[in-house]
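>>> model the following, please.
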Amino acid sequence: MARYTGPTSKIARRFREPIFGPDKALEKKNYPPGQHGVSKKRSKQSEYAVQLQEKQKVKLMYGILERQFARIFDRALRKTGITGENLLQLIEARLDNVVYRMGIAPTRRAARQIVGHRHITVNGKVVNIASYTCKAGDVVAVREKSKALEIITGQMTGHVNKHSWLEFDKASMSGKIINLPSRDQIAENIKEQLIVELYSK
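Next up, the predicted model:
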C-alpha cells in the first residue's frame, strides 16, 4: 500500500483520536465514518485486530510505509533496552518528524515535503531523505536559501518549543537534538506493547 494522502479527518474518526493534530471534524463527530455512523453496532474486536489497528494508527500518524515500519521494528528489536520504547525512539528520530517537532513545518506531511525539496540541512549538509535517522548532537537547520519561504516563516511565528529533547533557535532557524526522547517525552497516545506483541506472533 502506498502512503496515504486522502482526508485526514476520516482516518482520525476511524481511530477516534486526533492523530494528525487538532481536528474540528473529529470533535463534532466522535464516531467512526460510514453510512450508519454512530448507530452501527460493532462486534467485539479480536486481540489480533486491536494489535493491528494500533500498528496502522502509528504508521498513518508518522507517514511510514509497511516495509519501512518492519525495518524500523527489526532495528528496535536488535537494540538493547525495551523494544517498544526503542521503536518509538527510532520513529521520533526520523528527519521529517524532527523538522515537525522543531516547528519548522505545521504537519508531518508538510515536513516530509520540505525535506524532500532540499530545504533542510543536517550538520551543514543538505539531506532530502525524510526517513533519515537523526542522532543525539545532530544540528538540523533550514537551508540558507530557503529561510525566506512563506511556509517556514509563517510557521515560526508564535511557535513555542514544547520538547525538552530538542532545542531550536528561531533567529538562526536551526536546532539541535540534545538527546533521543525517552518514553515519557513522547506525548502521543501509543500502546507500543501491542505492536511488539503483533510482531512477536
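
>>> stretch 108-120: which residues count as buried?
108, 109, 110, 111, 112, 114, 115, 119, 120 (16 or more other CB atoms under 10 Å). Placement of C-beta: from N, CA and C, glycine included.

>>> residue 96: what's it in contact with?
63, 108, 111, 112, 115, 130, 131 (CB atoms under 8 Å, 6 or more residues apart in numbering).

>>> now do whichever helix in the chain runs longest: which elements does it pack against?
Ordering each helix of the chain by length in residues (DSSP state H) puts helix 47-62 first. Applying 3 or more CB pairs under 8 Å, 6 or more residues apart in numbering; DSSP states H and E, one finds that helix 47-62 contacts helix 8-15, helix 66-78, helix 192-199.

>>> okay, angle between it and helix 66-78 too, please.
Going by axes from the mean of the first three to the mean of the last three CA atoms, to 10 degrees, helix 47-62 is angled at 100 degrees with respect to helix 66-78.

>>> closest one of the buried residues of stretch 108-120 to residue 143?
For the buried residues of stretch 108-120, the minimum distance to residue 143 (CB to CB) is 5.3 Å, reached by residue 119.

>>> number of nearby residues for the closest residue to the closest one other than its chain neighbours?
Nearest residue to residue 119, sequence neighbours excluded (CB to CB, 6 or more residues apart in numbering): residue 146, at 3.9 Å. Using other CB atoms under 10 Å, residue 146 has 20 other residues around it.

>>> then residue 169?
So residue 169, with other CB under 10 Å, has 12 neighbours.

>>> now the phi/psi pair for it, please.
phi -110, psi 110 (degrees, to the nearest 10).

>>> next up, the contacts around the residue nearest to the spatial centre of the chain.
Closest residue to the average C-alpha location of the chain: residue 62 at 3.2 Å, with CA atoms, centre = their mean. Going by CB under 8 Å, 6+ apart, residue 62 touches 91, 94, 97, 108.

>>> repeat that for residue 101.
92, 163, 166.

>>> in JSON lines: these, plus distance to residue 50.
Converted to JSON lines, the contacts of residue 101 look like this (distance: CB to CB, whole Å):
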{"residue": "92", "distance to residue 50": "23"}
{"residue": "163", "distance to residue 50": "29"}
{"residue": "166", "distance to residue 50": "32"}
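
>>> return the subset of those lying in helices.
Short answer: these in helices (DSSP H) are residue 92.

>>> tell me where the chain has strands.
With DSSP state E applied, the chain shows strands at 120-122, 125-126, 139-142, 166-169, 174-177, listed in chain order.

>>> indicate which one of those strands is closest to residue 78.
That would be strand 174-177 among the strands of the chain, by CB to CB, at 21.6 Å.

>>> what sits up against the closest one?
Applying CB under 8 Å, 6+ apart, the contact partners of strand 174-177 are 93, 98, 102, 134-142, 165-169.

>>> closest to residue 155 out of the contacts of residue 62?
Closest approach between the contacts of residue 62 and residue 155, by CB to CB: residue 108, at 12.9 Å.
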